[in-house]
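*Asks:* Here is the input, now give the coordinates:
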Amino acid sequence: MRRPDYDRRVAITGLGIISPVGTSVETAWANIVNGVSGLERITRWDPEVTDCHAAGEVNDFDPKEWMNFKAVRRTDKNVVFGVAAAKQAVADSGLEIGEENAEEIGVYFGSGVGGPGLMQDAIATLDSKGTKGVSPFFIANMLPDTASGQIAIELGAKGPNMAIVTACSTGTHNIGEAAEAIRRGDFIAGIAGATETPLYEVGYVGFSNMRGMGTPRDGRPLGDISRPFDLTRNGFVLGEGAGALLVEDLEHAKARGAHIYAEVVGYGNAADAWDLIQPVEKGDGVRRAMEWAIQRHEVPRDEIDMINPHGTSTPLGDLREAEAIKAVFPDRYGEVGISGTKSMTGHLMGAAGAIEGVFTALSVHHQVIPATQNYLEPDPEIDLDVVAGDSREQVIRYAMSDNIGLGGHNGAIIFKRYAGD
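*Replies:* Okay, here's the model as predicted:
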């Protein structure tokens, strides 16, 4: 058993993604940098049931490429998305998992909801066919921890395995907690991230009735619905997918000659303790999560050059988050580049922080801040440096990604550029 050592450094050596903007890291990153949106008219049901007719669907995906046919039939799509992203990340890292190191490989992989589509189908089957029609595999395959368990099975990872569930902060918390587990010596490498498939009709209608979803401006395409920090923002649009990062003890990564995208150098979480839906005044919860991420590992505040924010496009949510950013960076909030990638992917709920973690790591690696799309009318109350138009090439020493979850769950994670020792 490895002994705790809180001075261990944590590297990111592999990335994987299934998203509305691409089902490979190369495609998704190219689309994000070039401002290509994955938000289009819903195809899976009649979108006229709500005012929001768009979604970030993943349609160019063959589940049988990632899991065997029987397993695919039994489980929810969120599990297949998670397995696919995890397998991509492990392959990208070049890490081989075998009996000699299986107990040193962990999985921290969550889902905000699990398999609601499977639940919806099971209820319909019960109504139409009675009790005998409900699959005996239904329960085991719909839970929020099913993806983490299936990833371990598929890859043979026998180390610590967790599925942290914190609504829209799920991805960030799983990445951060996996990094902390490496730092204290729980395992050598971990597959971290989250998956979500919220595009089922009853859930979509529920979010619409909550008045959380938006509509485009007059004369603008459906993709315009997601416009983080814009003065006319009026709600989010749902997306689906999964993101995975292979986080690894830096010395172990270097010893095996691994490619290193970035280091994970800060992580914080905090609760609003305020309301299940509305953000606390002045974004105090996410402010404290960002502060803790900076202070916990003594990250130099004046060297954080970019933030990939939660930025869902809700009127109050974006304002509170902006207030939090300004409180954390009182002297230079106008100098930190803001990259609202939800403008292209939509809001992936529990998987949001996971794919945004992938994009933030790539931003640090490539020294590029992807532009926020649909940012046409600046909000005078949100005077941040929202990168718009073309993506910006610049020096990025450190970058932060933060998320805010229903229930008042907040998380922030900081990546550092790795240029060798």
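*Asks:* right, and L199 touches V237 too?
*Replies:* No - using Cβ atoms under 8 Å, L199 makes no contact with V237, being 10.5 Å away. C-beta: built from backbone N, CA, C; applies to glycine.
*Asks:* ok, those two, which is more surrounded?
*Replies:* Ranked by neighbour count (other Cβ atoms under 10 Å), L199 and V237 place V237 first, with 31 against 22.
*Asks:* so that one sits right up against R41, yeah?
*Replies:* No - counting by Cβ under 8 Å, R41 is not a contact partner of V237; they are 11.0 Å apart.
*Asks:* ok, how many other residues are close to the closest residue to S111 other than its chain neighbours?
*Replies:* With sequence-adjacent residues excluded and distances taken as Cβ to Cβ, 6 or more residues apart in numbering, S111 is closest to P144, at 4.6 Å. By the criterion of other Cβ under 10 Å, P144 has 22 neighbours.
*Asks:* shared neighbours of V237 and R41, anything?
*Replies:* A54 (Cβ atoms under 8 Å, 6 or more residues apart in numbering).
*Asks:* returning to that earlier point: what residues do L199 and V237 have in common as contacts?
*Replies:* With Cβ under 8 Å, 6+ apart, L199 and V237 have common neighbours A55.
*Asks:* what residues are up against V165?
*Replies:* Residues near V165 by Cβ under 8 Å, 6+ apart: G110, S111, G112, P144, G350.
*Asks:* Look at the third one and give its secondary structure.
*Replies:* Meaning G112. coil (DSSP: H, G, I helix; E, B strand; the rest coil).
*Asks:* With the fourth one instead?
*Replies:* In the three-state summary, P144 is assigned as coil, counting by three-state DSSP.
*Asks:* quick one: the residue nearest to S111 and G223, what's the gap?
*Replies:* 30 Å (Cβ to Cβ, to the nearest Å).
*Asks:* who does the strand or helix carrying R73 touch, helix- and strand-wise?
*Replies:* Take DSSP states H and E as the rule and R73 turns out to sit in helix 69-74. The contact analysis (3 or more Cβ pairs under 8 Å, 6 or more residues apart in numbering; DSSP states H and E) places helix 69-74 against no helix or strand.
*Asks:* Could I get the average pLDDT for it?
*Replies:* The average pLDDT for helix 69-74 rounds to 88.
*Asks:* who touches the closest residue to E196 other than its chain neighbours in this structure?
*Replies:* Leaving aside its chain neighbours, E196 sits nearest to A351 (4.0 Å; criterion: Cβ to Cβ, 6+ apart). By Cβ under 8 Å, 6+ apart, the residues touching A351 are 81, 111-112, 170-171, 193-196, 240-243.
*Asks:* Among these, which one lies nearest to E103?
*Replies:* G193 (20.8 Å; Cβ to Cβ).
*Asks:* What about the contacts of A351, which are in helices?
*Replies:* Among the contacts of A351, the members falling in helices (DSSP state H) are F81, T170, G171.
*Asks:* Quick check: the last one touching G193?
*Replies:* Yes - counting by Cβ under 8 Å, a contact exists between G171 and G193, whose distance comes to 5.9 Å.
*Asks:* Mutual contacts of those two, please.
*Replies:* G243, A351, A354, G357.
*Asks:* Ramachandran coordinates for the third one?
*Replies:* This points to A354. The phi/psi pair for A354 (degrees, to the nearest 10) reads phi -70, psi -50.
*Asks:* thinking again about what came up before, who wins for most neighbours among the shared contacts of G171 and G193?
*Replies:* Going by other Cβ under 10 Å, G243 tops the shared contacts of G171 and G193 with 37 neighbours.
*Asks:* contacting residues around it?
*Replies:* 16-19, 85, 171, 193-194, 351, 353-358.
*Asks:* from the middle of its chain, how far away would stretch 294-313 be?
*Replies:* Centre-to-centre, stretch 294-313 and its host chain are 16 Å apart (Cα atoms, centre = their mean, to the nearest Å).
*Asks:* all numbers from here: first residue = 278
*Replies:* With the count now opening at 278, the last piece we talked about shows up as stretch 571-590.
*Asks:* how does the protein divide into domains?
*Replies:* The chain breaks down by automatic domain parsing into domains covering 287-532, 541-693.
*Asks:* all helices in the protein, in order from the N-terminus.
*Replies:* Under DSSP H, the chain gives helices at 302-310, 346-351, 354-370, 393-406, 415-419, 423-432, 447-460, 478-486, 527-532, 561-573, 592-605, 619-622, 629-643.
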